[in-house]
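Asker: okay, here's the prediction I keep looking at, along with the sequence it came from:
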Amino acid sequence: MAAATEEIKNLVVGLYEVGAVKFGEFKLKSGIMSPVYFDLRVTVSYPALLQQIAKQLWEISKDAQHDVLCGVPYTALPFATAMSIMNGKPMVVRRKEAKDYGTKKMVEGVFSRGCKCLVVEDVVTSGASVMETARSLREEGLDVIDAVVLLDREQGGPDRIKGEGVTLRSVCLRQRREGESDMDQVLTVSTFIAVLQEKNLLDEATSVAKMSYGERAGMADSNMAKELLTLMESKQTNLSVAADVNTCAEVLQLAEAVGPHICLFKTHVDVLADFSLAFTLELQKIADKHRFLIFEDRKFADIGNTVAMQYGGGVYRIADWSHITNAHTVPGPGIIDGLAQVGKPKGRGLLLLGQMSSSGTLADGEYTKKTVEMAVARRDFCIGFICTSRLSEDPSMIHMTPGVQLEEGTDSLGQRYLTPEVVIGERTSDVIIVGRGIYKASDPAAAALQYKQRGWAGRDEAKKGEGKGRRRSKSELGGGEEGDKVVRRSSKGCGVSRSTCLLTLKTAYTTRLA
Ligand SMILES: O=c1ccn([C@@H]2O[C@H](COP(=O)(O)O)[C@@H](O)[C@H]2O)c(=O)[nH]1
């Protein structure tokens with residue numbers, strides 16, 4: 001599955017740079033407040049950007065049926081014109097008001113009855129403008145079954161438009177996956193933010209490392225990521241214990257002892273001499289009691305079909321009891337799809353191994369980069385990474401780092417240890433995973449508390465921005481004119497932190513008006 005292509009990323013950045021996307025505080029025509037406003041009218045002043053827009057709109061029109069194009073007046077007229085010129089496709093123009101002289105035609109241009117017309121729109125909110133245009137074109141004898149839009153504000157537009165017999169396709173930052181509806185084919189807000197952050201275009205305050213886990217929970221795409229981030233915030237812990245002990249009784253005893261201090265309990269059930277499904281039920285009871293999630297560190301590494309069987313069946317039936325599991329990306333994205341087939345219906349989440357803590361690991365450079373792309377493209381199921389430092393500025397992605405002890409060092413088999421302060425404070429990871437440092441301690445509960453405190457304190461360092469995850473803004477957020485949909489706007493002076501704006505933005509986007 002492709003992540004946002006470079007072309008789409010460039011388009012997002014281009015829109016942002018010309019002020020077609022503004023962050024601040026806006027009252028929309030509907031009365032709701034929004035921390036983002038799209039004003040695509042400015043794009044007429046940027047021919048290269050207009051060309052990019054037309055190219056993307058044309059690409060998503062490929063499966064649509066059309067003999068002519070018609071832009072919804074006025075902002076989308078130049079989009080349709082650019083598409084027409086670039087692809088040699090004729091267009092028609094729909095008048096907003098009929099002339100009171102001459103032909104009194106509502107639609108200008110040459111067409112015949114039954115001619116298929118593709119409606120082109122800039123932004124869809126409720127879908128009213130597209131529907132009005134489609135009705136008017138139909139009254140003149142044109143056949144309208146498809147429409148395309150640059151930005152879908154996810155407020156029910158495509159469904160309403162579908163109700164009028166028109167399929168709306170939107171330019172999106174990820175490709176539609178099998179089984180997803182048209183409504184899923186949207187420019188997701190967290191992807192939008194991730195692209196701008198990746199390009200260092202958002203204010204430093206938006207750096208994910210500076211956001212609370214709670215704020216990020218509100219922005220996460222998968223329910224499992226939301227649940228874990230919420231739990232971390234409410235329990236004030238970013239500690240995961242790795243229970244690498246050999247019997248079920250030892251695992252359960254450890255879970256009872258460390259349960260109050262952790263967000264996640266990591267298992268390797270294939271090292272248990274006496275594994276049974278009854279044991280998993282006991283573990284789940286302890287997890288419920290102490291409010292932590294279970295992570296079976298299975299490190300799947302086969303083709304999609306095989307991992308689906310390994311995850312859902314066999315002796316361990318991992319998907320039945322483990323909230324989270326993980327996978328290598330060596331096989332390619334099929335491994336994620338295979339695991340998602342089993343795990344998604346159960347509400348589970350997946351971590352990808354982007355880096356490893358062991359010395360000489362091959363998981364670096366291009367491999368790590370590709371892994372991040374795979375995760376972002378499936379953020380409905382992928383909740384983050386096993387890694388040694390932050391890999392992505394996407395607020396949905398939870399970074400978990402193993403190889404943590406109170407002192408830096410190595411073991412005799414190549415494991416490398418960093419301290420909680422380095423992992424969370426400097427490398428801006430989200431979760432420390434600690435095994436021997438805790439289960440081999442004379443008092444595992446006391447050791448867990450100590451790691452928990454040091455891991456949580458690391459957050460303060462990360463928020464100060466001294467770490468690697470620090471982002472510097474390249475450009476100030478620009479001022480913008482008041483549009484007909486905007487009552488008030490302020491960017492710098494809105495009195496709300498940028499991260500709060502972004503959180504509200506996410507909320508605004510995910511709240512359907514219908
Ligand atoms: O890169 C990786 C990935 C996973 N692990 C796992 O974490 C724990 C670490 O245990 P320690 O005793 O704290 O070394 C263990 O379960 C590994 O399988 C990792 O270490 N590195």
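Answerer: Nice, thanks for sending it over. Bear in mind that the values here come from a model prediction, so they are computed numbers and not experimental data.
Asker: which residue, neighbours along the chain excluded, lies closest to whichever residue of the stretch 401-514 of the chain sits closest to the ligand?
Answerer: Here the stretch 401-514 of the chain gets closest to the ligand at one residue, residue 435, 2.6 Å apart by Cβ to the nearest ligand atom. For glycine as for every other residue, the C-beta is placed from the backbone atoms N, C-alpha and C. Excluding the flanking residues, the one nearest residue 435 by Cβ to Cβ, 6 or more residues apart in numbering is residue 242, at 3.4 Å.
Asker: help me confirm that the one you found is found in a strand?
Answerer: Yes. Residue state for residue 242 (DSSP: H, G, I helix; E, B strand; the rest coil) corresponds to a strand.
Asker: from the ligand, how far out is it?
Answerer: For residue 242, the distance to the ligand equals 4 Å [Cβ to the nearest ligand atom, to the nearest Å].
Asker: thought that residue was touching residue 402?
Answerer: Yes. Using Cβ atoms under 8 Å, residue 242 is in contact with residue 402, at 6.8 Å.
Asker: overlap in contacts of those two?
Answerer: 433, 435 (Cβ atoms under 8 Å, 6 or more residues apart in numbering).
Asker: thinking again about what came up before, how many neighbouring residues does the residue nearest to residue 435 have?
Answerer: By other Cβ atoms under 10 Å, the residues close to residue 242 number 22.
Asker: near the ligand, which residues of the stretch 151-300 of the chain? Just list them.
Answerer: Residues of the stretch 151-300 of the chain lying close to the ligand (Cβ under 6 Å from any ligand atom) are 242, 244, 268, 297.
Asker: run through the residues that contact the third one.
Answerer: Residue 268 is in contact with 242, 243, 244, 296, 297, counting by Cβ under 8 Å, 6+ apart.
Asker: which residue is the nearest non-sequential neighbour of residue 66?
Answerer: For residue 66, the spatially nearest residue (Cβ to Cβ, 6+ apart) is residue 118, at 3.5 Å.
Asker: for residue 305, that is, sorry about that
Answerer: residue 338 (6.1 Å).
Asker: my guess is the one you found meets residue 301, correct?
Answerer: No. Look at residue 338 against residue 301 with Cβ under 8 Å: they stay out of range, at 11.4 Å.
Asker: shared neighbours of these two, which are they?
Answerer: The contact sets of residue 338 and residue 301 overlap at residue 307 (Cβ under 8 Å, 6+ apart).
Asker: between the two, which has more neighbouring residues?
Answerer: Legend: neighbour count by other Cβ under 10 Å for residue 338 and residue 301, higher for residue 338 (24 against 15).
Asker: tell me how far the more buried one lies from residue 307.
Answerer: 5 Å (Cβ to Cβ, to the nearest Å).
Asker: again with residue 414
Answerer: For residue 414, the distance to residue 307 - Cβ to Cβ - is 26 Å.
Asker: where does this protein dip in pLDDT?
Answerer: 1-5, 22-36, 98-104, 154-155, 172-206, 465-514 (pLDDT under 70).
Asker: which bits of it sit near the ligand?
Answerer: 242, 244, 268, 297, 356-358, 386, 402-403, 415, 433-437.
Asker: go through the residues you listed and say which is closest to residue 348.
Answerer: Proximity of the residues of the chain next to the ligand to residue 348 (Cβ to Cβ) peaks at residue 297, which lies at 14.0 Å.
Asker: am I right that the closest one is in contact with residue 264?
Answerer: No. Taking contacts as Cβ under 8 Å, residue 297 lies outside contact range of residue 264: 10.4 Å.
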